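Trainee: the sequence isn't on hand, but the structure is:
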């Protein structure tokens with residue numbers, strides 16, 4: 001696995017979060033999967049302090065965007081194609097299974113909450129950092145699953161997602177795919193409002209496999 005790449009150090013505004021700077025370099029392919037992230041190199045690259053680097057790496061490790069190896073350090077998460085595919089298959093089974101319950105349980109207030117979360121995601125597309133965008137996406141899907149009325153299922157799916165990267169990095173390399181995800185959020189809400197469980201299942205399946 002490669003060491004961290006040391007290209008020209010970018011000019012960085014002091015207000016910008018180091019976490020998002022590292023994430024942007026991961027998405028841009030500057031920091032490839034498997035790259036070891038030496039903290040001293042990151043300090044120099046992003047012109048920041050060691051505590052800022054450590055906080056950024058810890059946050060990204062929580063999101064499974066980087067991996068912490070005890071006594072060795074951090075490296076960019078290496079996706080396992082087989083595992084990612086199987087996790088997606090499990091999510092499709094579980095999340096489509098509660099579509100009927102979601103449609104049945106959703107109140108006007110629930111729909112309003114989902115709309116606000118969907119709009120927040122859209123706003124993050126325009127104005128937020130990539131990490132904020134991921135967090136907005138997770139918040140929408142968690143609230144959607146809460147309407148299934150089974151907290152154990154909500155927690156189980158959250159745990160299952162942690163077996164792979166929690167962020168659809170490969171699919172979200174383009175602005176078009178991000179915007180499509182936002183449109184799908186609103187279409188899911190429309191399906192719930194129209195009491196169309198089959199359409200919700202179809203949208204959830206398409207959303208998870210990112211086609």
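Mentor: Good, I have the coordinates. It should be emphasised that the depicted structure is a prediction, and the values quoted were computed from it without experimental measurement.
Trainee: pLDDT score assigned to residue 168?
Mentor: On the pLDDT scale, residue 168 is placed at 50.
Trainee: so this protein: which segments form each domain?
Mentor: In terms of domains, the chain is parsed into 18-76, 81-210 (source: the TED database).
Trainee: could I get these as TSV with mean neighbour count?
Mentor: C-beta coordinates here come from the backbone N, C-alpha and C atoms, glycine included. TSV is the format used below for the domains of the chain (neighbours: other Cβ atoms under 10 Å):
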stretch	mean neighbour count
domain 18-76	17
domain 81-210	17
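Trainee: which residues sit against stretch 131-140?
Mentor: 17, 19-20, 23, 59, 63, 114, 117-118, 120-121, 124-125, 128, 166-167, 178, 181, 185 (Cβ atoms under 8 Å, 6 or more residues apart in numbering).
Trainee: just for the protein, where's the confidence low?
Mentor: 1-16, 28, 162-173, 211 (pLDDT under 70).
Trainee: please redo it, this time with the cut-off set to 50
Mentor: Scanning the chain for pLDDT under 50 picks out the ranges 1-2, 5-15, 166.
Trainee: hey, where'd the strands end up in it?
Mentor: For the chain, applying DSSP state E gives strands covering 66-69, 73-76.
Trainee: save the ones you listed as a markdown table, and put in distance to residue 33 too.
Mentor: Shown next, in a markdown table, are those (distance: least, Cβ to Cβ, whole Å):
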| stretch | distance to residue 33 |
| --- | --- |
| strand 66-69 | 10 |
| strand 73-76 | 5 |
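Trainee: quick one: closest of those to residue 160.
Mentor: Within the strands of the chain, the stretch nearest residue 160 is strand 66-69; the backing value is 17.3 Å (Cβ to Cβ).
Trainee: which residues are contacting the closest one?
Mentor: Residues from elsewhere that reach strand 66-69, judged by Cβ under 8 Å, 6+ apart: 22, 26, 37, 57, 58, 60, 61, 74, 75, 76, 77, 78.
Trainee: sitting in helices, which of these do you find?
Mentor: Counting by DSSP state H, the contacts of strand 66-69 place 22, 26, 57, 58, 60, 61 in helices.
Trainee: any chance of JSON lines for those residues, columns distance to residue 94?
Mentor: Shown next, in JSON lines, are the ones in helices among the contacts of strand 66-69 (distance: Cβ to Cβ, whole Å):
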{"residue": "22", "distance to residue 94": "31"}
{"residue": "26", "distance to residue 94": "28"}
{"residue": "57", "distance to residue 94": "31"}
{"residue": "58", "distance to residue 94": "29"}
{"residue": "60", "distance to residue 94": "26"}
{"residue": "61", "distance to residue 94": "25"}
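Trainee: farthest pair in these?
Mentor: Top of the distance list for these (Cβ to Cβ): 26 and 58, 15.2 Å.
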